[in-house]
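1. Sequence first, predicted model second:
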Amino acid sequence: MMGRISSRRVTAGNFGRLLMTALAVAVCAGGAWAAPQSRPADAGQKPDDLARAAADRFAHAVDRADVAAAAAECSLPWLNSNRDIAGDDAALKTRWTRALDLSSARADDEKVHKGTRYDALRMLGVEPWDKRGAQLAKYLGKDVNGELQMGAVSGLGDVRHAAATDALIAALPHLTDGNRKLAIETLLRDDARMAALREALKSGKIDASLLDAGQKSRLDGAANK
């Protein structure tokens, strides 16, 4: 997705990066990862062409201020960790920044369809906690619409900061069942988050009944390694 938006032929040096891009675009799935839209015309295309096509669709979506379409073209955690692939493409960097600014505005706009607001919240997960953390965390509230809650859980799941972990743990008791499961799965992704979850259980901050048997087993198994 971060391949250059350009009509120039791909050089040998860029081909490897574009191949990585195409693979990332191809394997995106739901949840915190945005799935690219399937298009019959993609069949038989070379990896560099697929990557460039995805980048072009992203650019056009941002130009139309279409957050949902922009989000559908990228694997957000992958994209965030590989921003440098944009290299010297100032236009792509500008569009990326604009996409995040649009997402922030759309997320809080009650006139916008909830599905688009979900996409916007999820997209904000590539920003630092200090910049977007508070905005995301407010959608973890008990009375928040479930779809918006899910966007916040997914977004905060990609924010690598202890405060994001704390926000997810504190919200567990009042999240919807589906969003609680998603949040716990997010907390079971790495050792630091699992340690924070164990501490919350030990201190009584959250009740062990919020985790199912499989989640408890994975948490205990990781602790015994």
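-> That came through, no problem.
2. Please count neighbours and contacts with C-alpha atoms only from this point.
-> Fine.
3. Tell me how the chain divides into domains.
-> Taking automatic domain parsing as the criterion, the chain consists of the domains 1-126, 137-225.
4. Now the weakest link among those domains, please, by mean pLDDT.
-> Mean pLDDT values for these show the minimum at domain 1-126, a mean of 59.
5. So the residue lying closest to Gly157 once chain neighbours are set aside versus Arg198, what's the distance?
-> In this structure, Gly157 finds its nearest non-sequential neighbour in Thr186, 5.8 Å apart by Cα to Cα, 6 or more residues apart in numbering. As judged by Cα to Cα, to the nearest Å, Thr186 and Arg198 stand 14 Å apart.
6. again, but for Lys216
-> Distance, Lys216 to Arg198, using Cα to Cα: 10 Å.
7. got it, and Trp129?
-> According to Cα to Cα, Trp129 stands 22 Å off from Arg198.
8. of these two, who's got more company?
-> Legend: neighbour count by other Cα atoms under 10 Å for Trp129 and Arg198, higher for Trp129 (21 against 18).
9. So that one versus Gly155, what's the distance?
-> Between Trp129 and Gly155 the distance is 10 Å, computed by Cα to Cα.
10. in terms of contact, does Ala171 touch Gly141 like I think?
-> Yes - between Ala171 and Gly141 a contact is recorded at 7.1 Å, counting by Cα atoms under 8 Å.
11. neighbour count winner among these two?
-> With neighbours defined as other Cα under 10 Å, Ala171 and Gly141 compare such that Ala171 has more, 20 against 16.
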